[in-house]
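**Student:** predicted model and sequence below, questions to follow.
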Amino acid sequence: MAIDYRHGISILEIVVYSPTLFISVWMAFHHGFKKSSGWVFFILFCLARIVGAACYLATIQYPSNVNLYITWAVCTSLGLSPLLLACIGLLSRANDSIMRKTVKPLPPKVFQLVGLFALVGVILSIVGATKNSNISDGLVTTETKVGLIFYLIAWIGVSGLFFMILKRTQSIEDGEHRLLLAVGISLPLIFVRLIYSFIYTFGQETEFNMLSGNVTIQLVMSILEEILVVLVCLGIGLTLQVRPAAEYTQQSSVSSQEENSLELGSGHLQGQPRKKIRAQRPKRRGGPVMRLIMFIVDGVKDRRQ
């Protein structure tokens, strides 16, 4: 079997995603190897694309091996989920920046909820791709259709998070605004990739079949979009500085205490008697005698105030 146009796309993917895989690994270790950072999902995406492309190139030698096509289809279906989760991770980092600067971020559970839709979508896509072994129909099943719907919901959720954080641009630390630029460029590209999958899965347009359809359409509406998302996000990521992780629980409690103090003090300005707020004493150490002495000292200080 000779190398054709579609095999050339697989070669392109291996050429592009092999170096970006190493960049993604470096980014994950450099900025923090955690899910909320988003870089780990680029590692998963690059691995899926390299494995899928290698399996499709293997069909040159084994054109009748159905398992190679199924593996390639599974790796292809994995593409949307890591990209969406990566965007969520980048927005989560911007949200951490808001936390460090103003202590008024979006609730972290909102990001987890949106990410849950992407995870369900990828699970259904994998189940659908492995359930049907008929290559001629493009491995389209009920599970793959429902999985695409979950992908669309996740994309809408990520877009909502993007605009909510965009309204808080002034609360983001200097240098972290580039995260919004990366996500803002990526979302339209991912949407085009979604449209490509929807047209064939629900419209049954043969030209959009990933196995036997128009290769140029696949290149323009699917392959190039994914490559651009990875290059843009990693390129902007290389310009970012390492930031400490935000502690939501502790800093939020401190913020609430400060707000309560301001509310009590504002009563003095409105003609109401100002309530005296006693500062919380640090926990004393030592024996009973030492604690008694410090208690008396604290009482004298309070009377002087």
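**Tutor:** Here it is on my side, so go on. Numbers count the residues shown, from 1 in each chain.
**Student:** when you work out contacts or count neighbours from here on, use the C-alpha atoms and nothing else.
**Tutor:** Fine.
**Student:** domains for this structure, by residue range?
**Tutor:** Using automatic domain parsing, the domain parsing of the chain gives 5-243, 251-304.
**Student:** by mean pLDDT, show me the worst of those domains.
**Tutor:** Looking at these, the lowest mean pLDDT belongs to domain 251-304 (a mean of 48).
**Student:** I'd like the distance between the spatially closest residue to residue 169 that is not a sequence neighbour and residue 25.
**Tutor:** For residue 169, ignoring the flanking residues on the chain, the nearest one in space by CA to CA, 6 or more residues apart in numbering is residue 177 at 7.2 Å. The span separating residue 177 from residue 25 equals 23 Å under the rule CA to CA, to the nearest Å.
**Student:** quick revisit: which of the domains of the chain sits most buried?
**Tutor:** Among the domains of the chain, judged by mean count of other CA atoms under 10 Å, the one packed with the most neighbours on average is domain 5-243 (a mean of 19).
**Student:** gap between the two ends of that one?
**Tutor:** End-to-end distance (CA to CA), domain 5-243: 44 Å.
**Student:** quick one: what helix or strand has residue 243 in it?
**Tutor:** Assigned by DSSP states H and E, residue 243 belongs to neither a helix nor a strand.
**Student:** from residue 237, how far out is the closest residue in space to it that isn't next to it in sequence?
**Tutor:** Computed as CA to CA, 6+ apart, the closest residue to residue 243 that is not its neighbour in sequence is residue 31, at 7.3 Å. Distance from residue 31 to residue 237, counting by CA to CA: 9 Å.
**Student:** could I get the full set of helices for the stretch 101-250 of the chain?
**Tutor:** With DSSP state H, counting those that start in this stretch, the ranges of helices along the stretch 101-250 of the chain come out as 108-131, 142-166, 178-203, 215-218, 224-237, 248-266.
**Student:** could I get those helices as CSV with distance to residue 55?
**Tutor:** Below are those laid out as CSV (distance: least, CA to CA, whole Å):
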stretch, distance to residue 55
helix 108-131, 15
helix 142-166, 21
helix 178-203, 21
helix 215-218, 17
helix 224-237, 19
helix 248-266, 44
